[in-house]
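Novice: Sharing a model prediction with you, sequence too.
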Amino acid sequence: MHFYIPPPPISGFWLGPLYVHMYSVFMLAGALVLFELTNRRFIVLTGNREFTAFAVTSLLIPVILGARLWHVVSHTQMYEHQPFYKVFAIWQGGLGFIGGVFSGLICFFVIAKIKKVPPFTFLDALAPGILVALCFARLGNYFNGEVFGTETTLPWGLKLSHEGFKDLNVEKYFHPIFLYEIILNVFIIVILLVLEKRVFVKTVFPKGSVFAAFLVLYGLGRFALEPMRYNLQQNSFGLDLNYVGAAAMIIVGVLIACRHTIASGKLRNSGD
């Protein structure tokens, strides 16, 4: 007898005349948890009780747009022969986490400067919440029939029955990449909290070190998982943008962690 992860029993439900996708339910739950965790952590760090709500509401649209743009550019062939409105059909899934991270990060520095809030302190407060929210999003991917991998004979393989996979042999089983990433995210959260409480507070580390560690660890994790992902479509440029994005996350994380060293080096050079 072959054990396996069954296909999702439902993709959504009717709420009166409105059909609610499970994907959107988990996305909303993740956003609420992200806000609550970040708000509590930022209050502890700074005493500021207002900025988190302002930041989350201000960044919501830029993050969604960046995530959707990343997905569309990563899967251009998927949309070449589709009606144009499909590009905006986010309720059907298709948000690239890496794109959301970078679009949100760029916009965040703008609003942090306007509000005169220490940006890296807030990013440290934000990092664990991002990963928790992503865990919820990956559960939503399961109900949407997304983020699965190549074929596997392992007993936790995922069986597919989604309409979009009629071209696949549904008697075969696939790596549940969404589940692997949930496990990865929980692992990174534990590491971040341990580093924060046992390393960063006892030694001289700059603000932003927790967020930098998140970027580096998640980037490395994505590098490990990408070879197992099943790419239904590729982009028209011959690039796997997720590798590029993961590398960019690692580089940005290292730059954030080393920024004080870089800045002090510039000061020394300017005095020579």
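Specialist: Received the coordinates, thanks.
Novice: which secondary element of this protein has the worst mean pLDDT?
Specialist: In the chain, no helix or strand scores lower on mean pLDDT, DSSP states H and E than helix 259-271, which sits at a mean of 51.
Novice: shaky segments in the stretch 101-250 of the chain?
Specialist: Along the stretch 101-250 of the chain, segments meeting pLDDT under 70 span 161-171, 200-204, 231-239.
Novice: Okay, strands next: where are they in it?
Specialist: Along the stretch 101-250 of the chain, counting by DSSP state E, counting those that start in this stretch, strands occupy 158-159, 173-174.
Novice: I'd like these as JSON lines, with distance to Val252 and mean neighbour count appended.
Specialist: For every residue, glycine as well, the C-beta is placed using N, CA and C. Putting the strands of the stretch 101-250 of the chain into JSON lines (distance: least, C-beta to C-beta, whole Å; neighbours: other C-beta atoms under 10 Å) gives the following:
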{"stretch": "strand 158-159", "distance to Val252": "32", "mean neighbour count": "20"}
{"stretch": "strand 173-174", "distance to Val252": "31", "mean neighbour count": "22"}
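Novice: Export those strands as JSON lines, with columns for distance to Val132.
Specialist: Rendered in JSON lines, the data for the strands of the stretch 101-250 of the chain read as follows (distance: least, C-beta to C-beta, whole Å):
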{"stretch": "strand 158-159", "distance to Val132": "23"}
{"stretch": "strand 173-174", "distance to Val132": "26"}
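Novice: Can you check which of those gets nearest to Gln82?
Specialist: Closest to Gln82 of those is strand 173-174 (C-beta to C-beta; 23.8 Å).
Novice: and the closest one, how far out from the chain's middle?
Specialist: 23 Å (C-alpha atoms, centre = their mean, to the nearest Å).
Novice: same check, this time on stretch 97-107
Specialist: Worked out by C-alpha atoms, centre = their mean, stretch 97-107 lies 9 Å from the chain centre.
Novice: and the gap between the residue lying closest to Phe223 once chain neighbours are set aside and Leu105?
Specialist: Take Phe223 and drop its neighbours on the chain: the residue closest to it by C-beta to C-beta, 6 or more residues apart in numbering is Ala246, 5.1 Å away. Remark: distance between Ala246 and Leu105 (C-beta to C-beta, to the nearest Å) = 15 Å.
Novice: Next: Phe187.
Specialist: Phe187 sits 23 Å away from Leu105, going by C-beta to C-beta.
Novice: Equivalent analysis for Ala248, please.
Specialist: On the measure of C-beta to C-beta, Ala248 and Leu105 end up 11 Å apart.
Novice: what's the neighbour count on Val63?
Specialist: 23 (other C-beta atoms under 10 Å).
Novice: follow-up on the earlier one: which of Phe187 and Leu105 has more residues huddled nearby?
Specialist: Neighbours were counted for Phe187 and for Leu105 using other C-beta under 10 Å; Leu105 has more, 20 against 13.
Novice: For the more buried one, give me its contacts.
Specialist: Going by C-beta atoms under 8 Å, 6 or more residues apart in numbering, Leu105 touches Val252.
Novice: ok, so what distance separates it from Ala257?
Specialist: 15 Å.
Novice: repeat for Phe122
Specialist: Between Phe122 and Ala257 the computed distance is 17 Å (C-beta to C-beta).
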